[in-house]
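Sequence and predicted model, in that order:
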Amino acid sequence: MYTRCPDCHAIYPLRASWLAQDQGKAECGRCGKIYNTLNQLFDDWPEPDEMPALPAEQNTPFHLSHRFTNQRQQPAPASGYHGATPQDDEDTGEDESSGQNENWQPDPNQLDLLPAKNHQWLWITLLLLVIPLTLANFGWHYRQQLLENPTIRTTAEGLGLVEIRQTKSRKNPELFQLLSRDMHAHPSQPGALVLSLTMVNRADYRQELPVIELRLLNTSQRVLASRQLTPDEYLADRSSTGNGLAPDALLPLVIEFADPGIEAQGFEIRFL
């Protein structure tokens, strides 16, 4: 049994067992044409003008995943016929088909299996590339709206994708509460006073540190002297001035200042 390429007319021997693959499709080893061998079948070596017999209808399609390498072909004659001729083979006086060994197997150098045409992995690869690109494009286009979400912004800041927003702390001095206070003479420096106090932020958000106003009072609660202290003046660590005070956080302070030399009987502290 033989098959002939419909383009270059190269002729190849064929075994019936090969037809049980790839719907009878094969690739010509000379011109690379992929064709259906079922439409180009010959019982004997075909003549140049011989037409193939029409294939019988099959209930089940056959497949042939072989690529023929034409080692028996000679240069194409000038007549335009590009296939080999029976004269190219040595005439032994025996029939071509009867001379072949029934146990003969195709030489790997003569027949190459065609790769399976499985496009599934191609589509999966394309999807794996397209989906991240689509998400990245969506995120970039709507980045401002997405960053308004506190959770997304915090995650983006943690990953270093955006700069950390320096939010200014709100300030509401009325929500600072004085938990304890005490004023007494400095134990080691004559003419100096020591003010000890502890305050807490009762707001549910971080607040800027307030200005502390100290008033000295006489027995009739009249103001004898007053002084306002900024966070830079009453904090030991000035670098933490801009951090503010977290909700429900306590801040103990010890403030030393010179005795104004008046007979003060009391004091008052206000947060401004």
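Cool, got the structure.

mind listing the strands for the stretch 151-272 of the chain?
Ranges of strands within the stretch 151-272 of the chain are 176-185, 192-201, 212-217, 223-229, 250-258, 266-271, based on DSSP state E, counting those that start in this stretch.

got the domain boundaries for the chain?
Domain segmentation of the chain under automatic domain parsing yields 1-116, 120-158, 173-271.

Make JSON lines out of these and add mean neighbour count.
From N, CA and C alone the C-beta is placed, and that goes for glycine too. Shown next, in JSON lines, are the domains of the chain (neighbours: other CB atoms under 10 Å):
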{"stretch": "domain 1-116", "mean neighbour count": "14"}
{"stretch": "domain 120-158", "mean neighbour count": "11"}
{"stretch": "domain 173-271", "mean neighbour count": "14"}
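
Dump the ones you listed into a markdown table; add mean pLDDT as well.
Shown next, in a markdown table, are these (pLDDT from 0 to 100):
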| stretch | mean pLDDT |
| --- | --- |
| domain 1-116 | 61 |
| domain 120-158 | 81 |
| domain 173-271 | 83 |
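
in the stretch 1-150 of the chain, which spans are strands?
Using DSSP E, counting those that start in this stretch, strands in the stretch 1-150 of the chain cover 2-4, 11-13, 25-27, 34-36, 41-42, 66-68, 111-113.

who's Ser180 bridged to?
Thr198 (DSSP bridges).

pretty sure it contacts Leu197?
Yes: taking contacts as CB atoms under 8 Å, Ser180 lies within contact range of Leu197: 6.5 Å.

where along this protein do the helices fall?
120-141, 143-147, 150-158, 231-234 (DSSP state H).

Tabulate these in JSON lines, adding columns for distance to Leu193.
Formatted as JSON lines, the helices of the chain follow (distance: least, CB to CB, whole Å):
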{"stretch": "helix 120-141", "distance to Leu193": "60"}
{"stretch": "helix 143-147", "distance to Leu193": "51"}
{"stretch": "helix 150-158", "distance to Leu193": "45"}
{"stretch": "helix 231-234", "distance to Leu193": "14"}
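
what's the distance between the closest residue to Leu229 other than its chain neighbours and Asp248?
Distances taken as CB to CB, 6 or more residues apart in numbering place Ile212 nearest to Leu229, at 4.6 Å, with adjacent residues excluded. Ile212 sits 19 Å away from Asp248, taking CB to CB, to the nearest Å as the criterion.

One more: Tyr142?
37 Å.

just Pro52 next, same as before
Distance from Pro52 to Asp248, by CB to CB: 94 Å.

cool, Thr154 as well?
For Thr154, the distance to Asp248 - CB to CB - is 21 Å.

likewise Arg30?
Arg30 is 88 Å from Asp248, by CB to CB.

OK, contacts around the residue lying closest to Asp204 once chain neighbours are set aside?
Leaving aside its sequence neighbours, Asp204 sits nearest to Pro247 (CB to CB, 6+ apart; 5.3 Å). Going by CB atoms under 8 Å, 6 or more residues apart in numbering, Pro247 touches 201-206.

Let me have those residues in JSON lines, extended by distance to Glu263.
Below are the contacts of Pro247 laid out as JSON lines (distance: CB to CB, whole Å):
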{"residue": "Asn201", "distance to Glu263": "35"}
{"residue": "Arg202", "distance to Glu263": "35"}
{"residue": "Ala203", "distance to Glu263": "38"}
{"residue": "Asp204", "distance to Glu263": "43"}
{"residue": "Tyr205", "distance to Glu263": "42"}
{"residue": "Arg206", "distance to Glu263": "41"}
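
In the sheet, which residues pair with the residue nearest to His186 when sequence neighbours are not counted? Tell me.
Spatial nearest neighbour of His186, chain neighbours left out: Ala192 (3.7 Å); criterion: CB to CB, 6+ apart. Using DSSP bridges, the bridge partners assigned to Ala192 are Ala258.

from what I can see Ala192 touches Asp259, true?
Yes: under the criterion of CB under 8 Å, Ala192 makes contact with Asp259 at 6.2 Å.

quick one: common contacting residues for those two?
Going by CB under 8 Å, 6+ apart, residues that sit against Ala192 and also against Asp259 are Ala185.

tell me the contacts of the residue nearest to Leu229?
Ile212 touches 228-229, 234, 253, 255, 269-272, counting by CB under 8 Å, 6+ apart.
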